[in-house]
Every structure is written in C-alpha cells, then in structure tokens.
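Chemist: sequence and computational prediction follow.
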Amino acid sequence: MFVLVLLFHVIISITVLAITFISFDSVKSNSKILNNIAAGYVFLGILLAGTGIYIGGGQTLKAYYYISIVTQVIILVFSLLLNRMSKRAGGSKPISICSLSLVTISIINSSFFFYI
C-alpha cells in the first residue's frame with residue numbers, strides 16, 4: 001500500500017510540473033506581467049513537485065487521490081490543447097490567461113492533495 005501511495009504522489013508531482021512547463025511555453029505575450037507570472041508559476045510548480053515527492057509517504061489510500069489524479073490529467077490535456085492553439089495562433093493574450101488559469105487550478109488542486 002505504501003508503494004501505491006508513493007506512486008500517486010509522484011504521478012501528481014510530475015503532472016503538476018508538466019502543466020507548469022507547458023503553460024510557460026504557451027504564454028507568448030508582449031505583456032511583461034504575464035511572462036513574469038508564468039515564470040513565477042514555473043518556480044512554484046518546481047517547489048510544489050519537490051515538496052510533494054518529499055512528503056509523499058502516507059500509509060492509507062484515500063478516495064480524493066483518485067479524484068486529484070483525474071483532475072490533473074484533465075488539466076494536462078487542456079493545457080496541451082492550449083499549447084497547440086498557442087503554437088498555431090501565435091502570441092494571444094486570452095490563450096495565455098486561460099493557460100495561467102489552468103496552472104492556478106492545478107496548483108490549488110495539488111496543494112490540497114499534498115497538505116491535507
């Protein structure tokens with residue numbers, strides 16, 4: 001059971017890291033504020049992923065682990081779609097804002113998962 005719980009923590013940490021890096025790549029804006037927010041989210045994602053792997057040592061597997069993984073995978077798919085749209089359309093402010101919103105939801109979801 002311990003290995004399965006640790007595996008869930010590692011999977012969530014990797015998806016949070018992937019979401020932050022993908023959205024950093026999709027934020028292509030002339031606005032310096034959006035670029036700085038994206039860079040801050042990447043830093044926060046790295047910290048959260050490292051912390052999640054470090055504290056990922058619970059003994060029981062709870063139902064919200066599954067909910068968190070499904071949510072992270074859905075956010076990852078949306079983030080990949082926004083990245084693809086960003087590559088086709090170029091630097092678009094609405095795509096950048098949507099991408100940063102997805103990262104915010106992902107970070108809130110994983111923070112709940114790690115610290116509760």
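Modeler: Cool, got the structure.

Chemist: and the lengthiest helix in the chain, what does it pack against?
Modeler: The helix spanning the most residues in the chain, taking DSSP state H as the definition, is helix 63-89. Packing partners of helix 63-89 (3 or more C-beta pairs under 8 Å, 6 or more residues apart in numbering; DSSP states H and E): helix 2-26, helix 93-115. Quick note: C-beta positions are derived from backbone N, CA and C, even for glycine.

Chemist: residues contacting the residue positioned nearest the centre of the chain?
Modeler: With distances taken as C-alpha atoms, centre = their mean, the residue of the chain nearest its centroid is residue 16 (3.0 Å). Counting by C-beta atoms under 8 Å, 6 or more residues apart in numbering, residue 16 touches 45, 48, 49, 52, 72, 106, 107, 110.

Chemist: how close does the fifth one get to residue 91?
Modeler: Spelled out, it's residue 72. When distance is defined by C-beta to C-beta, to the nearest Å, residue 72 is 26 Å away from residue 91.

Chemist: please apply the same query to the last one.
Modeler: As judged by C-beta to C-beta, residue 110 and residue 91 stand 28 Å apart.

Chemist: and the two? Which one has more around it.
Modeler: Neighbours per residue, other C-beta atoms under 10 Å: of residue 110 and residue 91, the larger number sits with residue 110, 26 against 14.

Chemist: ok, the more buried one touching residue 51?
Modeler: No - Residue 110 sits out of contact with residue 51 when judged by C-beta atoms under 8 Å, with a separation of 9.6 Å.

Chemist: kindly reformat the helices and strands packed on helix 63-89 as CSV containing mean pLDDT.
Modeler: CSV is the format used below for the helices and strands packed on helix 63-89 (pLDDT from 0 to 100):
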stretch, mean pLDDT
helix 2-26, 84
helix 93-115, 84
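
Chemist: alright, that wraps it up for me.
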